[in-house]
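Student: Sequence and predicted structure are below.
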Amino acid sequence: MTHRLLVTGSGLSVLIAAAWLSATPVSGQSPAGPAAAAKPYKTPRTVDGQPDLQGIWTNQTYTPLQRPANVTKEFYTLDEVLAAEKRAAVREAAVSTPGTTGDVHYSGSEFGLDKSQGTLARSLRTSLIFDPPSGRLPPLSAEGEKRAAAFAEMRKKLGRFDAAQNNELDDRCITTTNAGPPMLPYAYNSNYQIVQAPGYVMILVEMMHHIRMIPLEDRARPPQSVVALTGVSRGRWEGETLVVETTNLNPTTVFGGIDLDAPLDRPAPFRGVSDKLKVTEWFTRIDAESISYKFKVEDPTTWSAPWSAELPMKQTIGPLFEHACHEGNFGLYNTLRGARAEEEKAAAGEKKPN
Amino acid sequence: MRAKLAIVAVGLGIILAGTSLRAHHAFAAEFDANRPLTLRGKLVKWLVINPHSWFQLDVTGDDGKVVTWMIEGGSPNQLIRLGVTQKSVQIGGELVVEAYQAKDGSNKAVGKSFTLADGRSLLLGGSAPGAGGDVK
Amino acid sequence: MAKLLRGFGCAAVVGACLVFAGGQVIGQTVTYKAPRLGDGKANINGIWQAMNTANWDIETHQAAAGPILALGAIGAMPGGWGVVEGELPYKPEALAKRNENRANRLKLDPEVKCYLPGVPRDIYMPYPFQIVQSQKYVMLAHEYAGAVRTIYMDNHVEAPAESWMGWSNGHWEGDTLVVDTTGFNDSTWFDRSGNYHSDALHVVERFTPRSAETLTYEATIEDPKVFTRPWKMSMPLYRRVERAAELMEFKCIEFVEDLMYGDVRKPTRP
């Protein structure tokens, strides 16, 4: 594999930013097509004639999914973004206060895991969501509200450290949010390896070595009752853009939800998302180092309207290393054991005669 | 809606991916904020695994007995990309680890910092001001 | 011709002469020429699956009752011809360990815990896998546990660290994909019968198109800590020819959480 220079928050990244600026993020709702660029980019082809998306990519970014409350514009200036990144880098490198909960952690900086230590897929958007134009999620439908409330109720009753199954999917090493779809950045290692062969695009998500296999054929889908963590995807090329439609997502796991001991044949509804969920993604290579990635989320029984977001993917250094999470998940066991130890101590204290 | 998606991010630079916050909580449940330690010992092995790598430290007590500590660190994947591998890490030398002990009282801890005897970080930069660092 | 080959073993003739373990010859010289990819290499893309009982036991074995009474015949082991050439050349102390593994396989077999299968077990797990063949990488995507292997076709480097699936460097020899894998940890087994390896494991695999619907798979295993010499296994791999063959998801972690974390689950109050 080729080892590229690590792109960081200064110098080199300004050049990258300039290139990104020249391919200005497309605003509004039109999903596909390369944006206006200083020089028209011609995507190379794979040996079987597909536009070539292959390589190692990251979608790491500081841009939030939803527009902050005090912001009304759609784009920041490059200077504003660079300044924010500098502040974030300082914050990430800062020493946490001893004795606090936040200090009970390894230092991300020592392991190169801070966002400021790696390639940033910088966006000038004030939010990844561009539709609705408010940059915020559309309101939940009445049914969506009900489901979200029911979920919150159930969640309150479950002690996180009572059982493995009460933990987040990433703590259980089952999947991460950045496997998606939609593929939203993870806190670190938000890297993807895209490999193409005749009839297929394969996306290897580094975290938990998740495989997204996208056949380029509109085959029949399984019935709605058959779900998968990253759903069932069907892709097709529309000119230079790969369009992927995904259904059969597991409602309890989309957006990293929590499985509540639901029977496998009937996953419990997850805070507002139903099994009608459909995610459409558009991948367009806009230059040698960038892929434009847009997605639309539709679930008419959950949100009052579909919503769409855009985040770039930038080429980054490899290789991906095996993320054998489940095999090394001692922390989950230790945490549960620690909780049991504390309960036993407390119980022993109660039993002591006064 | 997922709590983390509904977070109202005020101003720039608020990190969206709230998983880092959740991870904080998981560590704080596994390890005890009230049991900080400074462990000084020989780095015997670096288990280059996910989701967290582990450092095996042999600590010699005042009584001369050697106690093995297992110290939890971060994912090694980005280090590998930066050229820090199982073979390149300094095994066998003295290591100083600021850590918090496991809640179950075992010889396990989470390593807040990993420092060589000469004060340099075992891995990258670290939080010590002026310490050498990764690509910046 | 076939008779000659049986008589003389692997004679040097045009194409490959294929002899399978247990003396079963699938026979004649391979003259099949696979279709080409755009880069001129043999196209071995597709969904493939082994059809044997190697995952139960890579050596020839008879049927046997399973360890879980309630599973009855479902949990029983089928009989099968081995895929290994000759006997497994264990060192004496290693053989003792293999036998101990076998006696405690319910506790020790990594497959029980939905752990990654390692190599070459990933190839003959009873689940399909997909080869996604490109130029810099050839990917093996496994249905079992979503295991995946990246085979690096250029810029070969050493494994940066140990892993469950090892570090695979590949190249083409004619129409054969040759994969050289090192950097294994010592945590996987070769089958459900306790056959195992150390972190010194080194596997060289050869994938050769045999017909439009089959590949020949051969693997040479070397592990000086466990075995006295290298040894070979081989088997055909069959293409899943259903019109819309597609890997299903077998993310088994949820199936084993009670097994693995049950003893630290909070007891429910009476």
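Tutor: Yep, it's here. Numbers count the residues shown, from 1 in each chain, chains lettered A, B, ... in the order given.
Student: rest of the way, CA atoms for contacts and neighbours
Tutor: OK.
Student: So what's the residue count around C:Gly262?
Tutor: The criterion is other C-alpha atoms under 10 Å in any protein chain shown. On that basis, C:Gly262 has 15 neighbouring residues.
Student: Need the three-state assignment for it.
Tutor: Here C:Gly262 is recorded as helix under DSSP: H, G, I helix; E, B strand; the rest coil.
Student: can you pull the contacts of the spatially closest residue to it that is not a sequence neighbour?
Tutor: Distance criterion C-alpha to C-alpha, 6 or more residues apart in numbering or on different chains; nearest residue to C:Gly262, sequence neighbours excluded, is A:Ala163 at 7.8 Å. Neighbour list for A:Ala163: A:Leu336, C:Tyr261, C:Gly262, C:Val264, C:Arg265, C:Lys266 [criterion: C-alpha atoms under 8 Å, 6 or more residues apart in numbering or on different chains].
Student: Check the gap between A:Ala163 and chain B for me.
Tutor: 13 Å (C-alpha to the nearest C-alpha, to the nearest Å).
Student: Can you check my assumption that A:His320 lies in a strand?
Tutor: Actually, residue A:320 is Leu. It isn't His. No. Using three-state DSSP, the secondary structure at A:Leu320 is coil, not a strand.
Student: Quick one: residues contacting it.
Tutor: Going by C-alpha under 8 Å, 6+ apart, A:Leu320 touches A:Asn191, A:Tyr192, A:Gln193, A:Glu206, B:Asn77, B:Arg81.
Student: Let's see the PyMOL selection covering just the buried ones among the contacts of A:Ala163.
Tutor: A single PyMOL command selects the buried members of the contacts of A:Ala163 (16 or more other C-alpha atoms under 10 Å in any protein chain shown):
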select buried, (chain A and resi 336) or (chain C and resi 261+264+265+266)
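Student: In TSV: the contacts of A:Ala163, plus pLDDT and distance to C:Asn155.
Tutor: TSV is the format used below for the contacts of A:Ala163 (pLDDT from 0 to 100; distance: C-alpha to C-alpha, whole Å):
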residue	pLDDT	distance to C:Asn155
A:Leu336	94	43
C:Tyr261	97	41
C:Gly262	95	45
C:Val264	95	46
C:Arg265	94	47
C:Lys266	93	50
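Student: which one of the contacts of A:Ala163 is nearest chain B?
Tutor: When these are compared for distance to chain B (C-alpha to the nearest C-alpha), A:Leu336 wins out at 7.8 Å.
Student: for that closest one, phi and psi?
Tutor: Note on A:Leu336: backbone dihedrals following degrees, to the nearest 10 are phi -60, psi -40.
Student: Ok, the one 4 residues further on next?
Tutor: Its backbone dihedrals place A:Arg340 at phi -60, psi -40, with angles given as degrees, to the nearest 10.
Student: quick one: it from B:Met70, how far?
Tutor: A:Arg340 sits 20 Å away from B:Met70, going by C-alpha to C-alpha, to the nearest Å.
Student: Would you state the helices of the chain in chain order?
Tutor: In the absence of a named chain, this looks at chain A. A:12-22, A:78-93, A:142-157, A:330-351 (DSSP state H).
Student: Can you look at chain B instead?
Tutor: Secondary structure of chain B (DSSP H): helices at B:19-30, B:77-81.
Student: worst average pLDDT in those helices?
Tutor: For these, the weakest mean pLDDT is recorded on helix B:19-30, namely a mean of 61.
Student: so A:Asn248 touches A:Arg234, yeah?
Tutor: No. With contact defined as C-alpha atoms under 8 Å, A:Asn248 does not reach A:Arg234; the gap is 11.3 Å.
Student: which intervals of the chain have sub-threshold pLDDT?
Tutor: Looking at chain A here, since you left the chain open. Filtered on pLDDT under 70, chain A yields the residue ranges A:1-39, A:252-272, A:351-354.
Student: you looked at the wrong chain, it should be chain C
Tutor: Along chain C, segments meeting pLDDT under 70 span C:1-30, C:269-270.
Student: Equivalent analysis for chain B, please.
Tutor: For chain B, the stretches flagged by pLDDT under 70 are B:1-25, B:126-136.
Student: Could you pick out the residues of the stretch 251-354 of chain A near chain C for me?
Tutor: With C-alpha under 8 Å from any C-alpha of the partner chain as the criterion, the stretch 251-354 of chain A meets chain C at residues A:Glu322, A:Ala324, A:His326, A:Glu327, A:Tyr333, A:Leu336, A:Arg337, A:Arg340.
Student: Look up the closest residue to the third one, ignoring the ones flanking it.
Tutor: Think A:His326. Leaving aside its chain neighbours, A:His326 sits nearest to A:Cys173 (5.2 Å; criterion: C-alpha to C-alpha, 6+ apart).
Student: burial count for the one you found?
Tutor: 23.
Student: Also the one 3 residues further on?
Tutor: With neighbours defined by other C-alpha under 10 Å, the count for A:Thr176 comes to 31.
Student: Point me to the residue of the stretch 1-150 of chain C nearest chain A.
Tutor: Closest point on the stretch 1-150 of chain C to chain A, by C-alpha to the nearest C-alpha, is C:Gly38, at 4.7 Å.
Student: unless I'm mixing things up, that residue is touching A:Asp48, no?
Tutor: Yes. Between C:Gly38 and A:Asp48 there is a contact under C-alpha under 8 Å: 5.7 Å.
Student: which non-adjacent residue is nearest the residue nearest the centre of chain A?
Tutor: Centroid-nearest residue in chain A, with C-alpha atoms, centre = their mean: A:Leu184, separated by 2.0 Å. Leaving aside its chain neighbours, A:Leu184 sits nearest to A:Asn178 (4.6 Å; criterion: C-alpha to C-alpha, 6+ apart).
Student: and that neighbour, what does it touch?
Tutor: Counting by C-alpha under 8 Å, 6+ apart, A:Asn178 has contacts A:Leu184, A:Pro185, A:Tyr186, A:Ser190, A:Val205, A:Met207.
Student: Nearest to chain C among these?
Tutor: Of all the contacts of A:Asn178, chain C sits closest to A:Val205, with 10.6 Å by C-alpha to the nearest C-alpha.
Student: neighbours of the closest residue in space to the closest one that isn't next to it in sequence, just the number please.
Tutor: In this structure, A:Val205 finds its nearest non-sequential neighbour in A:Tyr192, 4.7 Å apart by C-alpha to C-alpha, 6+ apart. Residues near A:Tyr192, counting by other C-alpha under 10 Å, number 29.
Student: partner residues bridging A:Tyr192?
Tutor: A:Tyr192 has the following beta-bridge partners by DSSP bridges: A:Trp57, A:Val205.
Student: where's it relative to A:Ala179, distance?
Tutor: From A:Tyr192 across to A:Ala179, the span is 9 Å (C-alpha to C-alpha).
Student: any shared contact partners between those two?
Tutor: A:Val205.
Student: Would you mind listing what in chain B touches chain C?
Tutor: Close to chain C, as judged by C-alpha under 8 Å from any C-alpha, chain B has residues B:Val48, B:Ile49, B:Ile80, B:Thr85, B:Gln86, B:Lys87.
Student: Next, give me the two most distant ones among these.
Tutor: B:Ile49 and B:Lys87 (14.0 Å; C-alpha to C-alpha).
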